[in-house]
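[1] sequence below, structure please.
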Amino acid sequence: SFANRGSSDLGSARPVTFGGRPGFDVPMGAQAVSDPLDFDVRPGTNLTVTLYLADGQASTSITSHPGSRTTSYMLAGEHLADTDLPGATTADHWYFLSGLEVWSKNTTSATVVLGDSLTDGRGSTTNGNDRWPDRLQGRLRSRAGTADIAVVNQAAGGNRVLHDGLGPNALARLDRDVLAQSGVDRLIVFEGVNDIGTADATEPAMKQVTADLIGAYQQIVTRAHAQGIRVYGATLTPFGGNGYDDPAGVRESARQAVNRWIRTSGRFDAVIDFDRAARDPHNPRALLPAYDTGDHLHLDPAGYKVLADTVPDRLFRQSPQLRAGTASYA
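    As a prediction, the model looks like this:
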């Protein structure tokens, strides 16, 4: 048995079925959607999901989220009805479950965040839900004009835009993680630092990765606009002093070039300047020390709150409008 919390409220458990059946064999690479469950879920509620693998686990090639920063509990045997799992083995990862959908009013919408470990929450508090998308969701939920907007965190640690890393590249997962999600009308793109940091620290390589990232961002915007999704681009935060940094500053020059394009190209429907919010004003190629986890790349909870606070509410008060098969924006 697997559960994403060690205990649950007595009497709150509901069995999950698939077309009325108690289980479903999911083919390799496929997804399965359960039948709807009839109970109310308030925004921000923590849910426990318990699974029982009747035939055991054949391999480690399973759907997982290594950077969930949320604890799963594992115990041999069938414990679906148990409200607690004493003695369970723990791991701060999620397994098998890829998402949860909730029926809501037709005025509700979703904002997807496409990102890497900086959005996945490396440096945040395990089980604390203080990644910057969590902070943004909390702020939106607290205000009447934005309370009906969900923030869907589709980040993956180590992810790159152009090439596979720890999981498929951002272009490859755009259909699954953004376009196929229900109710999406906004997308925040905050990704590219791993592409720069893993490419050779030479001028030709950096010119190539800069051009390729810009081309990829344009592809993402074009494809999202075709689905009526407004796209916001976030500038890349500094990595001075990290292993991605090089003495000659060639990778830093690429980051600056990419950020310059994000800020000035006009291709995004709005720009969120995370670089300006997180950098040290006295050393702009580095994070502000107060937000640095110590690896000079990832932010601590205070830094993630600053990123969330940098996203303006006005970006959530405009609705996409489709026209003649393309997207125009008021």
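
[2] surely residue 173 is in contact with residue 166?
    No. Under the criterion of C-beta atoms under 8 Å, residue 173 lies out of contact with residue 166, with a separation of 11.9 Å. (C-beta placed from N, C-alpha, C; glycine too.)

[3] which residues are in contact with each of the two?
    Counting by C-beta atoms under 8 Å, 6 or more residues apart in numbering, the residues touching both residue 173 and residue 166 are residue 156.

[4] what segments of the stretch 1-150 of the chain are strands?
    Defined through DSSP state E, counting those that start in this stretch, the strands belonging to the stretch 1-150 of the chain, from first to last, are 2-3, 50-51, 64-65, 72-74, 89-91, 94-95, 109-115, 149-155.

[5] off-centre distance for the third one?
    So that's strand 64-65. 12 Å (C-alpha atoms, centre = their mean, to the nearest Å).

[6] name the residue most distant from the centre of the protein?
    Seen from the C-alpha centroid of the chain, the residue lying at the greatest distance (C-alpha atoms, centre = their mean) is residue 77, 32.6 Å away.

[7] and that one, how far is that from residue 181?
    35 Å (C-beta to C-beta, to the nearest Å).

[8] do residue 38 as well
    In this structure, residue 38 and residue 181 are 23 Å apart, going by C-beta to C-beta.

[9] neighbour count for the two, which is higher?
    The neighbour count for residue 38 versus residue 181, taken as other C-beta atoms under 10 Å, is higher for residue 181 (17 against 7).

[10] and the more buried one, what does it touch?
    Neighbour list for residue 181: 99, 110, 112, 152, 154 [criterion: C-beta under 8 Å, 6+ apart].

[11] so which of those is the most crowded?
    Across the contacts of residue 181, neighbour numbers were computed from other C-beta under 10 Å; residue 112 holds the maximum, 27 neighbours.

[12] partner residues bridging it?
    The residues paired with residue 112 through beta bridges, assigned by DSSP bridges, are residue 152, residue 187.

[13] list the residues that contact it.
    Contact criterion C-beta under 8 Å, 6+ apart gives 152, 154, 177-178, 181, 184, 186-188 as the residues in contact with residue 112.
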